[in-house]
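S.K.: Below are the sequence and a predicted model; questions follow.
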Amino acid sequence: MTNAMSGFLKKTVLAATGMVFLATSAIASELPNFVPLVKKAGPAVVNISTEREVASPVMDMFDMPGMERFFEHFGVPFGRMQPDRPAPKRKSTSLGTGFVISADGYIVTNSHVVENANKVMVNFDGSKGSGIKARIVGTDSETDLALLKVDTDKELPVLKFGDSDAAQVGEWVVAIGNPFGHSGTVTAGILSAKGRDLHSGPFDSFLQTDASINPGNSGGPLLNMAGEVIGINTAIRANAQGIGFAIPSNMASQIIEELRESKNVSRGWLGVTVQNVDENMAKALGLKSAKGALIGSVMPDEPADKAGLRAGDVVVAVGGKSIGNASELTRAVARLKPNSTPELTVVRDGEEMKIKVKLGERSSHMNGGANQDEQSESDGLGVAIKPLTPEDARALRIKGDVKGLLIVEVKGDSPAAEAGLRSGDVILSANLKPVTTPSQLGDVVKNEGKKRGAVMLQIYRRGDTFFLTVELGKKK
């Protein structure tokens, strides 16, 4: 190779290297600097630890197989020998995240983080010891939100809610939390999608992000680049990477304010079952497009019935705001106060009409006020269940003679959650065998489900009955 050719190649390599360096520098200059945001927002994010008492499956001599026959052999009634003792309890602890929204100590987190907690402690950034004891001001299990209060003499750093409706898919977002107990962890990504329905409740409309979210992040803030909270991190897909979900701030801020003022949330109620409108329905009903909420049934003597709404009506607007699907109608009505009289725009027989409805009050179907002592964990499924009572049936507006097991909790990373089971569902049968007690369900899961690797459950949900198959042996 000649000296001239060698020199030319060296210049070419240097030029190419320089171009790569410049390109890399240009890309780096386009990436955001998260440091100022984290320094400002980080101190307002807190670590939440809880303690709760749960039933402990401890076996003593009176629980041992054969003890009944042993005592009866000596002519001693076994029932008299059993001590009158309460069920043993053990302490269960959990960790989560929250953030301060007022300088005088109000803190937002998830309802499931503090649910049934006997003790709630809040640790601030850099704090020592066990932290500050917090009291639960109020919770809303249907949106998985909770408001806490700590008493402190100093003014606390705060985070402000932003406008989640204005957030754009593709923009940068930052999550701060305590995944697996590692406090003050910062992750970044983009807003991946909006309006996600996870079928976990009637008001699902989550923000989706690829910012890393893990157990322990629950209740923490999802921030935009202005340092505003646009979401509250609440859920993950157990078998996926880079998919996390957050409650939109516009929904959360309204709920939190109501909890702060009255310690509970009241919602409007129509008393109808609804479904989405597809293209064929739209043609058959003479609609301009496949939008709106089709009323499937009207409950007798409920607000919709009293106002004259009928099965087959399509609600296309509430209070002048358009309704795209059934979920939007549920959320729109729930945002309104009981006894308010919104005007519904309805299409009936191809004609549009306005109907005013005096709303009732929606009863929460989540946990249904179930006594914790009445609940049982279903081994292998990842749900807490209790026998359905007449009071539960009334709260769930269940008509007819429905018997089964009410699901009062579904663990986030469980076979039940993976299969699509929800709090408020009623299990009617397992592998076609009726189940009305937790032990009956447990027997089917243990004796048939685990052997076959799956169990088929018959589910009652909001007037519909259907089957779901739960695969067993998965990570809980």
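M.R.: The structure has been received and is ready for your questions. Numbering: from 1, shown residues only.

S.K.: only C-alpha atoms for contact and neighbour calcs from this point on.
M.R.: Will do.

S.K.: Strands of the stretch 51-200 of the chain, start to end?
M.R.: Chain-ordered strands for the stretch 51-200 of the chain, with DSSP state E, counting those that start in this stretch as the definition, fall at 89-100, 106-109, 119-123, 132-140, 145-149, 172-177, 185-196.

S.K.: just checking, what packs against the second one?
M.R.: Secondary structure elements in contact with strand 106-109, counted by 3 or more C-alpha pairs under 8 Å, 6 or more residues apart in numbering; DSSP states H and E, are strand 89-100, strand 145-149.

S.K.: Tabulate those (JSON lines), appending distance to residue 431, mean neighbour count and mean pLDDT.
M.R.: Compiled in JSON lines, the helices and strands packed on strand 106-109 are given as follows (distance: least, C-alpha to C-alpha, whole Å; neighbours: other C-alpha atoms under 10 Å; pLDDT from 0 to 100):
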{"stretch": "strand 89-100", "distance to residue 431": "32", "mean neighbour count": "21", "mean pLDDT": "80"}
{"stretch": "strand 145-149", "distance to residue 431": "35", "mean neighbour count": "25", "mean pLDDT": "95"}
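
S.K.: Out of the ones you listed, the one nearest residue 43 is which?
M.R.: When those are ranked by proximity to residue 43, the top entry is strand 89-100, at 8.9 Å, counting by C-alpha to C-alpha.

S.K.: one step back: pipe the strands of the stretch 51-200 of the chain into a markdown table and attach distance to residue 404 per row.
M.R.: Listed next are the strands of the stretch 51-200 of the chain as a markdown table, based on distance: least, C-alpha to C-alpha, whole Å:
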| stretch | distance to residue 404 |
| --- | --- |
| strand 89-100 | 27 |
| strand 106-109 | 33 |
| strand 119-123 | 33 |
| strand 132-140 | 25 |
| strand 145-149 | 28 |
| strand 172-177 | 39 |
| strand 185-196 | 30 |
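
S.K.: returning to what we had before: to residue 421, which of the helices and strands packed on strand 106-109 lies closest?
M.R.: Proximity of the helices and strands packed on strand 106-109 to residue 421 was assessed by C-alpha to C-alpha; the nearest stretch is strand 145-149, lying at 20.1 Å.

S.K.: For the stretch 1-150 of the chain, which segments count as helices?
M.R.: Counting by DSSP state H, counting those that start in this stretch, residue ranges of the helices within the stretch 1-150 of the chain are 3-30, 35-41, 67-73, 78-81, 111-114.

S.K.: what is the mean pLDDT for the helix or strand harbouring residue 429?
M.R.: Taking DSSP states H and E as the definition, one finds residue 429 inside strand 426-430. With pLDDT averaged residue by residue, strand 426-430 scores 91.

S.K.: Can you tell me the strand partners of that strand and which way each runs?
M.R.: strand 405-410 (antiparallel), strand 433-434 (antiparallel), strand 454-461 (antiparallel) (DSSP bridges).

S.K.: Can you tell me which of those strands is most buried?
M.R.: A comparison of the strands paired with strand 426-430 by mean neighbour count, using mean count of other C-alpha atoms under 10 Å, puts strand 405-410 on top with a mean of 25.

S.K.: where are the low-confidence patches of the stretch 101-250 of the chain?
M.R.: 126-130, 199-201, 238-240 (pLDDT under 70).

S.K.: same thing but at 90, please
M.R.: For the stretch 101-250 of the chain, applying pLDDT under 90 flags the ranges 112, 115-118, 124-131, 141-143, 152-154, 178-184, 195-205, 213-216, 235-243.

S.K.: Report how many residues lie close to the closest residue to residue 410 other than its chain neighbours.
M.R.: The spatial neighbour of residue 410 that comes closest, neighbours along the chain excluded (C-alpha to C-alpha, 6 or more residues apart in numbering), is residue 383 at 4.6 Å. Other residues within reach of residue 383 by the criterion other C-alpha atoms under 10 Å amount to 24.

S.K.: so what's residue 383 up against?
M.R.: Contacts here follow C-alpha atoms under 8 Å, 6 or more residues apart in numbering; on that basis residue 383 touches 377, 407, 408, 409, 410, 411, 416.

S.K.: isn't the second one right up against residue 427?
M.R.: Yes - using C-alpha atoms under 8 Å, residue 407 and residue 427 qualify as a contacting pair, with a distance of 7.4 Å.

S.K.: which residue packs closest to the residue nearest the centre of the chain, ignoring adjacent ones?
M.R.: The C-alpha lying nearest the average C-alpha coordinate of the chain belongs to residue 144 (C-alpha atoms, centre = their mean; 5.2 Å). Counting by C-alpha to C-alpha, 6+ apart, residue 144 lies nearest to residue 111, which is 4.6 Å off, once chain neighbours are set aside.

S.K.: I figured the one you found hits residue 139, correct?
M.R.: Yes - under the criterion of C-alpha under 8 Å, residue 111 lies in contact with residue 139, with a separation of 5.7 Å.

S.K.: what residues do the two have in common as contacts?
M.R.: Taking C-alpha under 8 Å, 6+ apart as the contact definition, residue 111 and residue 139 share the neighbouring residues 145, 146.

S.K.: who has more neighbours, those two?
M.R.: For residue 111 versus residue 139, the count of surrounding residues by other C-alpha under 10 Å is larger for residue 139: 25 against 22.

S.K.: Let me see the ranges of the strands in the stretch 301-450 of the chain.
M.R.: Under the criterion DSSP E, counting those that start in this stretch, the stretch 301-450 of the chain contains strands at 314-318, 321-322, 343-348, 351-356, 360-361, 376-378, 383-387, 405-410, 426-430, 433-434.

S.K.: Tabulate these (CSV), appending distance to residue 294.
M.R.: Written out in CSV, the entries for those read as follows (distance: least, C-alpha to C-alpha, whole Å):
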stretch, distance to residue 294
strand 314-318, 4
strand 321-322, 14
strand 343-348, 9
strand 351-356, 14
strand 360-361, 20
strand 376-378, 36
strand 383-387, 32
strand 405-410, 28
strand 426-430, 24
strand 433-434, 33
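
S.K.: Please name whichever of those is nearest to residue 98.
M.R.: Each of these has some distance to residue 98 by C-alpha to C-alpha; the shortest is strand 405-410, at 21.4 Å.

S.K.: neighbouring contacts of that closest one?
M.R.: By C-alpha under 8 Å, 6+ apart, strand 405-410 touches 366-368, 370, 375, 382-388, 416-417, 421-428, 435-438.

S.K.: could you dump that strand to CSV, C-alpha only?
M.R.: C-alpha atoms of strand 405-410 as CSV (Å, rounded to 0.1, in the frame of the first residue of the first chain):
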residue,chain,number,x,y,z
LEU,A,405,-68.4,-17.0,47.0
LEU,A,406,-67.8,-13.3,46.8
ILE,A,407,-64.2,-12.3,45.7
VAL,A,408,-63.2,-9.4,48.0
GLU,A,409,-59.6,-9.1,46.8
VAL,A,410,-57.5,-10.2,43.9
